[in-house]
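K.L.:
Whatever this is, show me its structure:
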Amino acid sequence: MRGSRELHYFPDSQTVAFRLGLLSCCALDLRDWQRLETLGESATWTVGRSGGRPVPMVDLPGHRPAIVARLLLGAGRWQQVRYRNGDAFDLRRGNLILFDRSTGRAA
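P.N.:
Below is the predicted model:
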């Protein structure tokens with residue numbers, strides 16, 4: 001990821017957190033962080049908007065900016081990600097729910 005980020009490891013050592021912008025902090029599973037790192041050193045994390053609320057986004061070279069939670073879950077066109085605890089910056093797998101808008105159910 002572009003620039004150096006100071007990662008903070010949770011006591012379970014399977015979760016990392018880092019600052020995003022001045023007021024936001026992201027938490028995600030270590031394995032997901034490592035997977036996202038393989039997408040390229042030029043990936044840039046930003047805070048974007050989805051449905052009027054702030055969400056973490058990543059700008060990958062040659063692609064449109066992507067909502068990180070959608071990228072992690074591989075969400076398709078008619079799917080959306082919901083957050084169990086309501087915090088879009090908590091990107092740990094246990095907090096992410098893939099919801100299918102066409103059926104109205106969790107995918």
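K.L.:
Run through this protein and note the low-pLDDT ranges.
P.N.:
Within the chain, the stretches with pLDDT under 70 are 1-5, 40-43, 105, 107.
K.L.:
Centroid-nearest residue for it?
P.N.:
residue 68 (3.1 Å; Cα atoms, centre = their mean).
K.L.:
Tell me the helix or strand right after the helix or strand residue 18 falls within.
P.N.:
Here residue 18, judged by DSSP states H and E, is contained in strand 15-20. With elements assigned by DSSP H and E, the helix or strand that comes after strand 15-20 is strand 24-29.
K.L.:
ok, back up a step: list the residues that contact the residue nearest to the centre of the chain.
P.N.:
26, 28, 36, 45, 55, 56, 57, 58, 91 (Cβ atoms under 8 Å, 6 or more residues apart in numbering). From N, CA and C alone the C-beta is placed, and that goes for glycine too.
K.L.:
Relative to residue 11, how far out is it?
P.N.:
Distance, residue 68 to residue 11, using Cβ to Cβ, to the nearest Å: 23 Å.
K.L.:
what sits against the closest residue to residue 6 other than its chain neighbours?
P.N.:
Excluding its sequence neighbours, the residue lying closest to residue 6 (Cβ to Cβ, 6 or more residues apart in numbering) is residue 18, at 6.4 Å. Residues near residue 18 by Cβ under 8 Å, 6+ apart: 5, 6, 7, 8, 25, 26.
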